[in-house]
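Novice: could you look at this predicted model? Sequence included:
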Amino acid sequence: MNADFAKRLRVPVLPKSHLPSSARTLYGANSTPLSVTGAATVNVSIGGYVCSVEFVVIEGLHHNVIFGINMLRDNKAVIDVAQSTLSLADNLLTVPLIQRFQPQHILRTVECITVAPYHESRLPVRISQKYALTPSIVEPLMTKYSTHVAVAKAYVEPRSRVTVCQLVNLSDKPVVIPGSHSYRFHITCHFVIQITTFCFLSRYRKCLLHRW
């Protein structure tokens with residue numbers, strides 16, 4: 001973990017002496033010695049999946065956070081290079097490693113809606129004018145709502161520029177989903193050859209729209 005990043009997040013950093021001897025002297029990919037300053041244990045949320053991670057705190061680290069092999073092993077992580085996804089906890093959760101979405105593949109909320117605690121709701125979303133209306137799959141993407149709201153993956157046959165996303169509030173408090181004038185529902189598409197199977201479980205609110 002980058003030392004400045006830990007400071008900005010006010011992460012408690014223990015002295016270097018709390019690290020095992022093997023972690024007190026580290027080198028970069030170019031064999032340059034790294035400035036190890038201490039140790040920190042942080043609860044990390046990945047798509048709503050929370051795990052405790054032990055970090056070595058390093059001054060001037062290029063990335064804010066780098067997950068080590070121990071973290072990946074402890075959380076039974078699987079990296080699928082072909083699909084650019086990371087799965088955790090025996091495939092309990094799968095998140096994209098890289099997200100690249102074209103503007104026409106984005107759905108936006110039509111109106112503001114409040115979902116009561118532990119309730120399910122269908123939310124209207126607007127399809128871009130540049131997206132060709134065709135049978136599609138709506139899939140969720142990660143957002144700041146991911147830990148509170150789950151969005152169902154669903155097959156749709158839109159005949160207008162408005163379709164629906166089905167979501168459930170998993171928390172004990174009402175969740176307000178803003179209209180398109182503020183926070184937006186983001187959804188994208190990918191081309192595939194034919195319909196095969198459908199999966200209706202997901203943990204994210206943002207949606208991918210897959211064209212079939």
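Specialist: On my side now, so go ahead.

Novice: Asn64: what's it in contact with?
Specialist: By CB atoms under 8 Å, 6 or more residues apart in numbering, the residues touching Asn64 are Met1, Asn2, Phe5. No exception for glycine: its C-beta is placed from N, CA and C like everyone else's.

Novice: touching, the second one and Leu61? I think so.
Specialist: Yes - proximity of Asn2 to Leu61 meets the contact threshold set by CB atoms under 8 Å, at 4.1 Å.

Novice: so Pro158 touches Ser128, yeah?
Specialist: No - using CB under 8 Å, Pro158 is not in contact with Ser128; the gap is 11.2 Å.

Novice: count of neighbours near the closest residue to Lys16 other than its chain neighbours?
Specialist: In this structure, Lys16 finds its nearest non-sequential neighbour in Gly38, 5.3 Å apart by CB to CB, 6 or more residues apart in numbering. Close neighbours of Gly38, defined as other CB atoms under 10 Å, add up to 21.

Novice: pretty sure Gly38 belongs to a strand, no?
Specialist: Yes - assessed with DSSP: H, G, I helix; E, B strand; the rest coil, Gly38 lies in a strand.

Novice: got the CA positions of stretch 6-24 in CSV?
Specialist: Taking Å, rounded to 0.1, in the frame of the first residue of the first chain, the C-alpha atoms of stretch 6-24 are listed here in CSV:
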residue,chain,number,x,y,z
ALA,A,6,-2.7,5.1,3.7
LYS,A,7,-2.3,8.6,5.2
ARG,A,8,-5.1,10.1,3.1
LEU,A,9,-7.4,7.3,4.2
ARG,A,10,-6.2,7.6,7.8
VAL,A,11,-5.3,3.9,7.9
PRO,A,12,-3.4,3.0,11.2
VAL,A,13,0.1,2.0,10.2
LEU,A,14,2.1,-0.2,12.6
PRO,A,15,5.9,0.1,12.8
LYS,A,16,8.0,-1.9,10.4
SER,A,17,8.9,-4.3,13.3
HIS,A,18,5.4,-5.8,13.0
LEU,A,19,6.3,-7.2,9.6
PRO,A,20,7.9,-10.6,9.2
SER,A,21,11.5,-10.3,8.4
SER,A,22,11.0,-11.5,4.8
ALA,A,23,8.7,-8.4,4.2
ARG,A,24,11.0,-5.8,5.7
